[in-house]
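Predicted model and sequence follow; I will ask about them next.
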Amino acid sequence: MPSPTFPSEATAQEPLTRGHKKRERTRRGLVDAALRLVARKEVGEIALLEVAAEAAVSNGTIYNYFRTRDEVLEAVGIAMASEFSDAISALSSDVHCGAQRLSIGVRMFVRRAAYDHQWANALLRIIHSDQAMRSRLADHVLGDLREGQRAGTFSYEDEGVALDMVVSCTTGAMRSVVEGRAAAEHDLLVAEMILKALGVTPARAKKIAGKPLP
């Protein structure tokens, strides 16, 4: 699987003006400030003006970028998910099998949810939002799906449905972990079932899902 797709990234083909670059730096600074606050307190306790103070900008400035606290939390959740996904991608750079890379991503997201509930809850809050489904997180999943299909390991008709299935199963597993309903080796079992749903034979799915994590 694989930082968030901000508006500037969605229109990357157009050169950014100096004003746009400054605006993007300010927005990223606000998101970084919110991430620092998340590291110190519960996500639900964060207020807009706290983010402004942490970022050392005026109270009025933050309203030029985020209208509500939920918008800030959405940006924070996307940043958390995308940055973790980027880290997984870097760790898996020597793995050329799309199915194995997908399994690694699924398992590592589920395993992190087991020891970092706050991170998991922040991600679960936003994962099905429009921005999240266009983020680098989704890009990493799509890359693994396409590689698996090119190799003949995966078989699916609709890429969007395949993406929804992987994301929904993974986040469902994360929620089970956070709520204490997960089975033993939940990450491995979920990865194996996702692979089978994508057309991998049961024996091969079990073998791929059981490979050591990087």
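Sure thing, it's come through.

mind checking pLDDT for the most centrally placed residue in the chain?
Nearest residue to the geometric centre of the chain (CA atoms, centre = their mean): Ala81, 3.0 Å. Ala81 carries a pLDDT value of 80.

pretty sure it is touching Leu137, no?
Yes: contact status for Ala81 versus Leu137: in contact at 4.8 Å, counting by CB atoms under 8 Å. Backbone N, C-alpha and C define where each C-beta goes, glycine included.

Could you give me the buried positions within the helix or strand harbouring Arg175?
In the assignment (DSSP states H and E), Arg175 maps to helix 159-178. For helix 159-178, a neighbour-count test (16 or more other CB atoms under 10 Å) marks 162-163, 165-167, 169-171, 173-174, 176-178 as buried.

Which strands and helices lie in contact with that helix?
Contacts defined by 3 or more CB pairs under 8 Å, 6 or more residues apart in numbering; DSSP states H and E place helix 159-178 against helix 98-115, helix 117-126, helix 136-150, helix 186-197.

could you check the angle helix 98-115 makes with it?
Here helix 159-178 runs at an angle of 30 degrees relative to helix 98-115 (axes from the mean of the first three to the mean of the last three CA atoms, to 10 degrees).

Also compute the angle for helix 159-178 relative to helix 136-150, please.
Interaxial angle, helix 159-178 versus helix 136-150 (the same axes, to 10 degrees): 120 degrees.

Also compute the angle for helix 159-178 relative to helix 186-197, please.
Our comparison of helix 159-178 with helix 186-197, counting by the same axes, to 10 degrees, yields an angle of 160 degrees.

can you list the residues that contact helix 159-178?
Identification of contacts with helix 159-178 by CB atoms under 8 Å, 6 or more residues apart in numbering yields 1, 102, 105-106, 109-110, 113-114, 117, 120-121, 123-124, 127-128, 133, 138, 141-142, 145-146, 154, 156, 182, 186-187, 190, 193-194, 197-198.

repeat for stretch 114-127
38, 42-43, 73-74, 76-78, 80-81, 84, 112-113, 132, 167, 171, 174-175, 177-178, 182.

quick one on the thing from earlier: report the contact partners of the residue nearest to the centre of the chain.
Ala81 makes contact with Leu123, Ile126, Ile127, Ala132, Ser135, Leu137 under the criterion CB under 8 Å, 6+ apart.

ok, how many other residues are close to the second one?
What that stands for is Ile126. By other CB atoms under 10 Å, 21 other residues sit near Ile126.
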